[in-house]
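Peer 1: what follows is a predicted structure for the sequence shown.
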Amino acid sequence: MKKFVTPILIAGGIFSFTFTASAMPLDTVPIDVTGDFRLRGYSLDDNIGNADFDESFFQFTGRINLTAKIDDNTTMFTRFGVRSRLGQTSNDNSANKSYEQIDQYGLRLTQGDWNLSVGRQGVKLGQGMIIGTGSEVEFDNKFDGLIATTKAGAADVKLIAGKTNTSHIMETYYGGKASTWYGAEISGKISPQVSLGLAAAHDKPEDSDISLSSWALNTSVNVAPNLWVNAEYARSNADRDNSAYLVGGAYVKGKDVFVAQYQKVENNAVNQVNSMYSYSNFPFKGTNMWLGNSNWHGWFYKYNHQMNKSTSLHAIYMDTAVDGQSGRDKELTVGVVWSF
């Protein structure tokens, strides 16, 4: 993290606001700058439902976060996201083009025992099965609304209310629509080795009479000094194809982390443009995973090596399939991340 005490007008390209009162002089506001730059190479082999997508390319993404402390109870945040793709030859319109945008912004407030975050931001309930969107650059939807957190005894409580916007990619390729969301989560440790969480949410797409109510139960268990097991089960009020689950494990040894996870997601169990485990968010391509509104399942593997405090290497492999369709989507990603 880098910290600058900067005249506020210098940041005028990112911040535009007027103070009526402040505990800090107007000419100096401390600004923290954090973020990461990521370079990845992709090798994709997607032949689900007779698709013929075989592609390799590099992609660079950057996320630069700026936070400005206005007073003891108020902080303003914003994020600048950039993406550039090299080497891809397929014609998928805007997904090939570079992207630069201020894609998160808002205020974080402390009111008594509550921490409030208001604005455009990322949001997640539980392990992301119900909703988990907004942290990536361009591809996923962002959350416009309120996230409120507090403590209830030893438990952590989270409330969300707002709307997920629709990114161009989600709308163009997946038919995504903006949705209004209300949700809650309670989580905490029930023993030194076991964490448990329960989440529930209701979402209603724009211009639709259909809404979805869902709940999810998740757990994380430290079964050995270097081994964790996690799981989440989600269910919606849809009439059919309404359940989803994941089961995974992580082994940590020094600077190395190994992850293996299996997930099975039925089509009506989750919001298919806002869940971390939707067919639009989870695989990088998965061209035909959404055709026929089919259920999908598959494995996810990840290896991460922390080179030093700010730099890490990772490799990700996914192997997914769709019920009732031939072929598989196999994806390999290798990358380096520099954080600051």
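Peer 2: Perfect, thanks for sending it.
Peer 1: check contacts around the spatially closest residue to Gln101 that is not a sequence neighbour.
Peer 2: Leaving aside its sequence neighbours, Gln101 sits nearest to Gly81 (Cβ to Cβ, 6 or more residues apart in numbering; 5.9 Å). Quick note: C-beta positions are derived from backbone N, CA and C, even for glycine. Residues in contact with Gly81 (Cβ atoms under 8 Å, 6 or more residues apart in numbering) are 61-64, 99-104, 137-138.
Peer 1: now do 10 Å
Peer 2: Residues counted as contacts of Gly81 (Cβ atoms under 10 Å, 6 or more residues apart in numbering) are 35, 61-65, 99-104, 135-138, 142.
Peer 1: list the buried residues in the strand or helix carrying it.
Peer 2: Assigned by DSSP states H and E, Gly81 belongs to strand 74-86. Buried residues in strand 74-86, counted by 16 or more other Cβ atoms under 10 Å: 75-83, 85.
Peer 1: pLDDT-wise, what's the bottom of those residues?
Peer 2: Within these, pLDDT reaches its minimum at Arg85, with 83.
Peer 1: that one and Phe60, how far apart?
Peer 2: The spacing between Arg85 and Phe60, counted by Cβ to Cβ, to the nearest Å, is 8 Å.
Peer 1: show me whatever sits in contact with both of the two.
Peer 2: Common neighbours of Arg85 and Phe60 (Cβ under 10 Å, 6+ apart) are Ser98.
Peer 1: sorry, back to before: strands paired with the strand holding Gly81, and their directions?
Peer 2: Using DSSP bridges, the strands paired with strand 74-86 in its sheet are strand 53-71 (antiparallel), strand 99-111 (antiparallel).
Peer 1: partner residues bridging Tyr233?
Peer 2: Those that pair with Tyr233 in a beta bridge, by DSSP bridges, are Leu217, Tyr245.
Peer 1: now do the contacts for it.
Peer 2: 126, 129, 215-219, 243-247, 269.
Peer 1: now swap in Arg240 and tell me
Peer 2: Neighbouring residues of Arg240 by Cβ under 10 Å, 6+ apart: 266-268.
Peer 1: and of these, the nearest to Ala148?
Peer 2: Asn268 (28.6 Å; Cβ to Cβ).
Peer 1: pLDDT value on the closest one, please?
Peer 2: Note for Asn268: predicted pLDDT of 89.
Peer 1: and what about it, helix, strand or coil?
Peer 2: Three-state call for Asn268 (DSSP: H, G, I helix; E, B strand; the rest coil): coil.
Peer 1: was I right about it contacting Ser213?
Peer 2: No. The criterion here is Cβ atoms under 10 Å, and Asn268 misses it with Ser213 at 11.7 Å.
Peer 1: JSON lines for the contacts of Tyr233, including distance to Leu39 and neighbour count?
Peer 2: Shown next, in JSON lines, are the contacts of Tyr233 (distance: Cβ to Cβ, whole Å; neighbours: other Cβ atoms under 10 Å):
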{"residue": "Gly126", "distance to Leu39": "30", "neighbour count": "26"}
{"residue": "Met129", "distance to Leu39": "29", "neighbour count": "29"}
{"residue": "Trp215", "distance to Leu39": "39", "neighbour count": "19"}
{"residue": "Ala216", "distance to Leu39": "33", "neighbour count": "27"}
{"residue": "Leu217", "distance to Leu39": "37", "neighbour count": "16"}
{"residue": "Asn218", "distance to Leu39": "32", "neighbour count": "24"}
{"residue": "Thr219", "distance to Leu39": "34", "neighbour count": "17"}
{"residue": "Ser243", "distance to Leu39": "37", "neighbour count": "17"}
{"residue": "Ala244", "distance to Leu39": "32", "neighbour count": "28"}
{"residue": "Tyr245", "distance to Leu39": "33", "neighbour count": "21"}
{"residue": "Leu246", "distance to Leu39": "28", "neighbour count": "21"}
{"residue": "Val247", "distance to Leu39": "31", "neighbour count": "14"}
{"residue": "Ala269", "distance to Leu39": "34", "neighbour count": "27"}
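Peer 1: tally up the residues packed near Ala231, please.
Peer 2: The number of residues packed around Ala231, counting by other Cβ atoms under 10 Å, is 17.
Peer 1: that one: what's it in contact with?
Peer 2: Contacts of Ala231 by Cβ under 10 Å, 6+ apart are 127, 217-221, 245-249, 261-262.
Peer 1: change it to 7 Å
Peer 2: Counting by Cβ atoms under 7 Å, 6 or more residues apart in numbering, Ala231 makes contact with 218-219, 246-247.
Peer 1: go on, Asp156?
Peer 2: Asp156 neighbours (Cβ under 7 Å, 6+ apart): 149, 187-188.
Peer 1: that one and Thr133, how far apart?
Peer 2: Distance, Asp156 to Thr133, by Cβ to Cβ: 20 Å.
Peer 1: next one: Leu332
Peer 2: With the distance defined as Cβ to Cβ, Leu332 ends up 24 Å from Thr133.
Peer 1: those two: which is more packed in?
Peer 2: Applying other Cβ under 10 Å to Leu332 and Thr133 shows that Thr133 carries more neighbours, namely 26 against 17.
Peer 1: for the spatially closest residue to Ile64 that is not a sequence neighbour, which residues are in contact?
Peer 2: The shortest distance from Ile64 to any non-neighbouring residue, by Cβ to Cβ, 6+ apart, is to Gly35 (4.1 Å). Taking Cβ under 7 Å, 6+ apart, we find Gly35 in contact with 62-65, 340.
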